[in-house]
Every structure is written in structure tokens, then in C-alpha cells.
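1. After the sequence you'll find the predicted model.
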Amino acid sequence: QVPRAPSQPLTGSESRRFSNKHSKKALKASLTLGILLGMFFVAWLPFFVTNVAQAVCGCVPAGFFDVLTWLGYCNSTMNPIIYPLFMRDFKRAMGKFLPCCRRSAEPRPSAISLSMRNSNSGPRAATSLKNVL
């Protein structure tokens, strides 16, 4: 399909398809953000409220405070699980670098090829790993 020039108007069905596609993406993004923020508030809000209460009256038991702290830590460990479930780009990026998430057909990039790719220069004839070390 040939992309349209910006000066050409969209037809009615193309406009509906375009807006429907973007509204689905917006809905999915809102859902993901809602889940992440909801989990954050459920996990960390009790900790912060208890922290303020402890500062004001000093009536919070240490064990309860520790449980709320660990609830917040559990939320932080859930983020790497939630992001790949809802974000395809994040899942692809994780698959490139983590051996447990990579498909068998994808080759693993070596550290040397990554550094050469990021150095903005081609391979040097006289440079080897022995010479560098």
C-alpha cells in the first residue's frame, strides 16, 4: 500500500479505520498505565501513610512497617513482569538481550559487535583484543 501525501484527504472508511486503530492503541496504553499506577498506589500508599503516622505519633509497630516496606519492594519486582505483558516493544527489547526470552532463531549479539555498532566506526585493521589489553 502506497502512503498518502499529507495534502491528500482521507476517505471516510480510511479515516474511521485510522481513528479506530489509534483509539485501540490509546485504550491499551491507558489500560497499561492504569494497571501500573494502580499497583503502585496499592503497594506504596500504605507505606507512605504509615510513615507519616509514625512521624506524628510513633505508634506503628516495627513489624507492620517492615511488611509495608516489603509490599512496596514486591511492587518494584512486578514491573519487569508487567511491562512485557502489555508492551510489545519492551518484550522485543528484552528478547534481544536476555537469553531466557530470546527465540531460538535469533542469534545473540556479541559484546564486540554491540560495541562496534555503537562506536560509529568500522573495524580497525591493527586493533585486536590482545593489543587493547
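-> It's in.
2. Contacts only, for residue 36.
-> 79, 82 (C-beta atoms under 8 Å, 6 or more residues apart in numbering). Just so you know, the C-beta spots here come from the backbone N, C-alpha and C atoms, and that holds for glycine as well.
3. Spell out, range by range, the helices that occur in the chain.
-> 12-57, 62-86, 88-97, 111-118, 129-132 (DSSP state H).
4. possible to save these as JSON lines with mean pLDDT?
-> Putting the helices of the chain into JSON lines (pLDDT from 0 to 100) gives the following:
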{"stretch": "helix 12-57", "mean pLDDT": "83"}
{"stretch": "helix 62-86", "mean pLDDT": "87"}
{"stretch": "helix 88-97", "mean pLDDT": "80"}
{"stretch": "helix 111-118", "mean pLDDT": "54"}
{"stretch": "helix 129-132", "mean pLDDT": "51"}
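5. Next, count neighbours for the closest residue to residue 65 other than its chain neighbours.
-> Of all residues not flanking residue 65 in the chain, residue 50 sits nearest, at 6.0 Å (C-beta to C-beta, 6 or more residues apart in numbering). Counted with other C-beta atoms under 10 Å, the neighbours of residue 50 add up to 17.
6. again, but for residue 91
-> For residue 91, the neighbour count with other C-beta under 10 Å is 13.
7. In this structure it contacts residue 84, no?
-> Yes. Between residue 91 and residue 84 a contact is recorded at 4.3 Å, counting by C-beta atoms under 8 Å.
8. Residue 84 reaches residue 98, doesn't it?
-> No. Judged on C-beta under 8 Å, residue 84 makes no contact with residue 98 at a distance of 10.0 Å.
9. Which residue of those two possesses the greater neighbour count?
-> Remark: of residue 84 and residue 98, residue 84 carries more neighbours, 16 against 10, as counted by other C-beta under 10 Å.
10. ok now do the residue nearest to residue 74 when sequence neighbours are not counted, which residues does it touch?
-> Spatially, and ignoring its direct neighbours in sequence, residue 74 is nearest to residue 43 (6.6 Å; C-beta to C-beta, 6+ apart). Shown in contact with residue 43 (C-beta under 8 Å, 6+ apart): 71-72, 74-75.
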